[in-house]
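Engineer: got a predicted structure here, sequence first:
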Number of protein chains: 2
Amino acid sequence: MDDRTYTADAEPGDTVTVAGWVHEVRDLGGIAFLILRDTTGKIQVKFEKDEMADELVETGLNVQRESVISVTGDVEEEPRAPTGVEITPDSVDVVSEADPELPLDPSGKVDAELSTRLDNRTLDLRKDETKAIFEIRAEVLRAVREQFREIGCTEINTPKIVATGTEGGTELFPITYFGREAFMNQSPQLFKQLMVGSGLERVFEIGPIFRAEEHNTPRHLNEATSIDFESAFADHEDAMDACESVVRAAYEAVEANCQDQLEALDLADEFEAPADSFPRLTYEEAIERINATGELDEPLVWGDDLPTEGEHALGQDVGEHYFITDWPSEIKPFYIMDKDDDVSTGFDMMHPTMELVSGGQREHRYDQLVAGFEQQGLDPEAFDYYTRMFKYGMPPHAGWGLGGERLVMTMLGLGNIREAVLFPRDRQRLSP
Amino acid sequence: MDDRTYTADAEPGDTVTVAGWVHEVRDLGGIAFLILRDTTGKIQVKFEKDEMADELVETGLNVQRESVISVTGDVEEEPRAPTGVEITPDSVDVVSEADPELPLDPSGKVDAELSTRLDNRTLDLRKDETKAIFEIRAEVLRAVREQFREIGCTEINTPKIVATGTEGGTELFPITYFGREAFMNQSPQLFKQLMVGSGLERVFEIGPIFRAEEHNTPRHLNEATSIDFESAFADHEDAMDACESVVRAAYEAVEANCQDQLEALDLADEFEAPADSFPRLTYEEAIERINATGELDEPLVWGDDLPTEGEHALGQDVGEHYFITDWPSEIKPFYIMDKDDDVSTGFDMMHPTMELVSGGQREHRYDQLVAGFEQQGLDPEAFDYYTRMFKYGMPPHAGWGLGGERLVMTMLGLGNIREAVLFPRDRQRLSP
């Protein structure tokens, strides 16, 4: 099938074979046009009924929309054609005939519910807008990995089947592993920390995480893509610097390499990479600013976690990506290093509309770490495979986890996180 | 912690702070040397006992091996030092003291069993050889993704929690998903096929797969990394071309960018990228050549699957990467397109020592596909989310899956596939 030409490469004067989907047929009487669509674009195929064999015309004009066809013919300039060229066919071959009843209109003229689109992702991804999201997603992952390498990280892959969850807890999917109880991992946290004590020192991983959270919201998934960073000899400030650089690299790559996709999403004009450094607000400043907006019924006091409406009010107020630092120790996980008795090195990185990243410097002192497990009500014995390594020279280290789908969702202003995953998993949806 | 200098960057004349692990202390009486190791290499720290404060000497020489320390001092040329420079310390700070009893010797002087190494990966990865494997693995993944993009693929991520397995069967880990039965996916096969019918046309995915296979061998894992390719408007020949290009790109990148790592593994001299094209043997030729080696007790006949010893005999005979094509239809999965009644378009790509890739052109015709499910004893209804899309214009397509760990294992001549995974999962091993 090497002799296929992409529609975007069909030049006037060429004789080509193009193959793709029947996007549209317009029959104007003596003349008819078939628009053929492939991954690179669309091309017009012209049928002049009186000048062509009946069979050729019949094949071309009776084929169902969204069928796969292959067309061989001469390419000519035609200013009135959508792409400035058209093909006069010598032959039309119906490769795969589509059912006349489509569950979804890939031309996008008829809107479909999200659930219909997710049930029919194959057809949904024939639309320029949907395709653009996933091409941008791929570019984001490429750019993120490149930036991680730029800052000296080695890519790792850690196991998704685990004996214990990162933080214990109930948000784990249990699996049966050769008769033993195991779980799908909710975070590579413990494993990436084990790697900073190794000769690799600075690592990243992009992989699936699994959370059995019950809530079904437009910004939660039960299977998501986590972008994880962890570095030896780093503190929370270093980790925030790395976080800024990675997020900015993703935006810059999309701006540089995805203009067509941004056009398809009607975002080309407004798309903008974030500033060089994101404002860093302390938790205390954050609650003060939230209280000052007057958006909450009850003002927040020290120790409160930020409610969603508080995040929204603050995000509107700040108007760009920002960090919240110096969280009360008691609302950050026990493996986060404390600055003092009350305040931790934990931080969140926020998009104006939602949290994207959670990170901090980690507790690398064995005794304190084991005590933390106990205070959390977890059995340190069950985590011995992890804590044990802290006895053999564990350097100070810091890191973070970034929600891949949330990054894409906020970057493109998508209304539902499911728009940023090919086949989302939530409480109801397990298929396709 | 921004003022840390990597040991590899410490230049004579500089005053630096280096930080890392105590690799070795050699006390020669009046003078003593501490070798400090970080991710970039090692550096000698000199203690002249009569000329330095007692406290400094004591801190430097009494610290346990593999402790994390930070050393500030002047770098000087010293031809007798391992790297040609040494540091005369002004201060030594013990950052994280190691237990004197180590479960593993990171200097590599004392050999350890694989299971001890896997239990203590953090320490194991302080050894140059182990670290080299995982740096090469990361480079392989980088190069493979780059080559996929080179040949027009879009990266996708498909779900790891699924309602049905690719081929049904018993090799699935069951999970409890909000009270429903679900499984961990054994292959992205069905999902990547759904994508070739979308506007993406050509896709790749690198992600975990999960197989509840009972056998515990040096070349099987229950959680592995699958490198998957699938392309619209491609046949099995196109898929084999893509496969060659991806595997070659991985070798070439390692050759170009990982000379230090190959040195550490003692492979620098013999390492060689495979030839431009791999021999393509038909199944019939393959069994003839195996029979001709006389290695099997019983000669193979048409329809037999190749036993492991047959693969070995043939691999030795061929002596390079090769394809086996034209397999009997009956031993290839039902979703592989047949060439005729007996022979399929399925192929395997083999390293001389084992199978790396399985692929073929896929059945894209709805009626034939549904019949295939039935013949396999599977309920087509359960796969409706997949087969349904074949009614709406599914192009001819082909693809393959490559075992990521097997690629690294064969590339580096590792004796056990567990050497190529940070935290392997097998029947016995579920932690760390």
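Structural biologist: Structure's in. What do you need? Residues are numbered from 1 along each chain as shown, chains lettered A, B, ... in the order given.
Engineer: neighbours around the residue in the stretch 1-150 of chain A positioned nearest to chain B, how many?
Structural biologist: Chain B sits closest to residue A:125 of the stretch 1-150 of chain A, with a gap of 3.3 Å, by CB to the nearest CB. Glycine gets a C-beta too; all of them are placed from N, C-alpha and C. Per other CB atoms under 10 Å in any protein chain shown, the neighbour tally for residue A:125 reads 25.
Engineer: what does residue A:366 give?
Structural biologist: Per other CB under 10 Å, the neighbour tally for residue A:366 reads 18.
Engineer: now it. Nearest residue, chain neighbours left out?
Structural biologist: Leaving aside its sequence neighbours, residue A:366 sits nearest to residue A:390 (CB to CB, 6 or more residues apart in numbering or on different chains; 4.3 Å).
Engineer: surely the one you found and residue A:367 touch.
Structural biologist: No. At 9.1 Å, residue A:390 does not count as touching residue A:367 under the criterion of CB atoms under 8 Å.
Engineer: picking up where we left off before, so who does the residue nearest to residue A:366 touch?
Structural biologist: When contacts are counted by CB atoms under 8 Å, 6 or more residues apart in numbering or on different chains, residue A:390 touches A:197, A:364-366, A:369.
Engineer: closest one of the residues you listed to chain B?
Structural biologist: Ranked by distance to chain B (CB to the nearest CB), the contacts of residue A:390 are led by residue A:197 at 4.5 Å.
Engineer: and the closest one, what does it touch?
Structural biologist: Counting by CB under 8 Å, 6+ apart, residue A:197 has contacts A:232, A:389-390, A:392-395, A:397, B:122.
Engineer: 10 Å instead, please
Structural biologist: For residue A:197, the contacting residues are A:232, A:364, A:389-390, A:392-395, A:397, B:21, B:66, B:68, B:96, B:121-123, B:125-126, by CB atoms under 10 Å, 6 or more residues apart in numbering or on different chains.
Engineer: from these, list the buried ones, please.
Structural biologist: Among the contacts of residue A:197, those buried by neighbour count (16 or more other CB atoms under 10 Å in any protein chain shown) are A:232, A:364, A:389-390, A:392-395, A:397, B:21, B:66, B:68, B:96, B:121-123, B:125-126.
Engineer: the spatially closest residue to residue A:375 that is not a sequence neighbour and residue A:393: what is the separation?
Structural biologist: Distances taken as CB to CB, 6+ apart place residue A:334 nearest to residue A:375, at 6.3 Å, with adjacent residues excluded. The gap separating residue A:334 from residue A:393 is 22 Å, by CB to CB, to the nearest Å.
Engineer: domain-wise, how is chain A divided?
Structural biologist: Per automatic domain parsing, the structural domains of chain A span A:7-96, A:122-279+A:320-420.
Engineer: hey, where'd the strands end up in the stretch 51-200 of chain A?
Structural biologist: Here the stretch 51-200 of chain A has its strands, by DSSP state E, counting those that start in this stretch, at A:68-77, A:85-96, A:154-155, A:161-162, A:174-177, A:180-184.
Engineer: with mean pLDDT and distance to chain B added, can I get the ones you listed in JSON lines?
Structural biologist: Below are those laid out as JSON lines (pLDDT from 0 to 100; distance: least, CB to the nearest CB, whole Å):
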{"stretch": "strand A:68-77", "mean pLDDT": "97", "distance to chain B": "5"}
{"stretch": "strand A:85-96", "mean pLDDT": "97", "distance to chain B": "5"}
{"stretch": "strand A:154-155", "mean pLDDT": "98", "distance to chain B": "4"}
{"stretch": "strand A:161-162", "mean pLDDT": "96", "distance to chain B": "5"}
{"stretch": "strand A:174-177", "mean pLDDT": "93", "distance to chain B": "5"}
{"stretch": "strand A:180-184", "mean pLDDT": "94", "distance to chain B": "6"}
